[in-house]
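Visitor: sequence and computational prediction follow.
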Amino acid sequence: MIKSANEFISLCHSKDESDVARSLADEAPLSVWEDLIFNFKIHQIDVVQNRTIPFEVMRVLASQGDELVRSILAEKRRLPIDLFDFLSKDSSSLVRKKIAANKKTPADVVKNLANDGDDDVARVARFRLNPV
């Protein structure tokens, strides 16, 4: 278990592959994730790549993370159901395209994205609805 923001940052910057693997797979208390998100914003990209982050953290990243953070989040299959819809309305076409491509995105969300104003997003959604 990761016990502090500084420990997480050290794991991310380590040259040791096992440390980097821990940064991707180890759990941490909610207070550590919050400290990283709010006080070490540059590490939001590292936080979103961790496979154990709780739904509360995902929701904060969905509303406060930059485009790259939100796009990585949109690829996660373990998203809470409300975030599929939330991210499908993101201002970034990259984020919407990643949600359209996510195999766990509910069909009704994909159907809405099939009519997206961005041709790439709509094409990905239509392909998900009617694979060749």
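Guide: Good, I have the coordinates. Just so you know, these numbers come straight off a predicted model, no measurement behind them. Numbering: from 1, shown residues only.
Visitor: show me the helices in the chain, by range?
Guide: Taking DSSP state H as the test, the helices found in the chain are 5-13, 17-25, 30-39, 44-49, 55-64, 67-75, 81-88, 93-101, 107-113, 119-129.
Visitor: which strands and helices sit next to the second one?
Guide: Helix 17-25 makes packing contacts with helix 5-13, helix 44-49 when contacts are defined by 3 or more C-beta pairs under 8 Å, 6 or more residues apart in numbering; DSSP states H and E. All C-beta atoms are positioned from the backbone trio N, CA, C, and that covers glycine.
Visitor: how far off centre is the first one?
Guide: Yep, that's helix 5-13 we're talking about. Remark: helix 5-13 is offset 19 Å from the chain centroid, using C-alpha atoms, centre = their mean, to the nearest Å.
Visitor: re earlier: dump the helices and strands packed on helix 17-25 to TSV, plus mean neighbour count.
Guide: Converted to TSV, these look like this (neighbours: other C-beta atoms under 10 Å):
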stretch	mean neighbour count
helix 5-13	17
helix 44-49	20
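Visitor: now those in JSON lines, with mean pLDDT?
Guide: Formatted as JSON lines, the helices and strands packed on helix 17-25 follow (pLDDT from 0 to 100):
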{"stretch": "helix 5-13", "mean pLDDT": "98"}
{"stretch": "helix 44-49", "mean pLDDT": "98"}
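Visitor: any idea how far Leu36 is from the closest residue to Ser63 other than its chain neighbours?
Guide: Of all residues not flanking Ser63 in the chain, Phe86 sits nearest, at 8.0 Å (C-beta to C-beta, 6 or more residues apart in numbering). For Phe86, the distance to Leu36 (C-beta to C-beta, to the nearest Å) stands at 21 Å.
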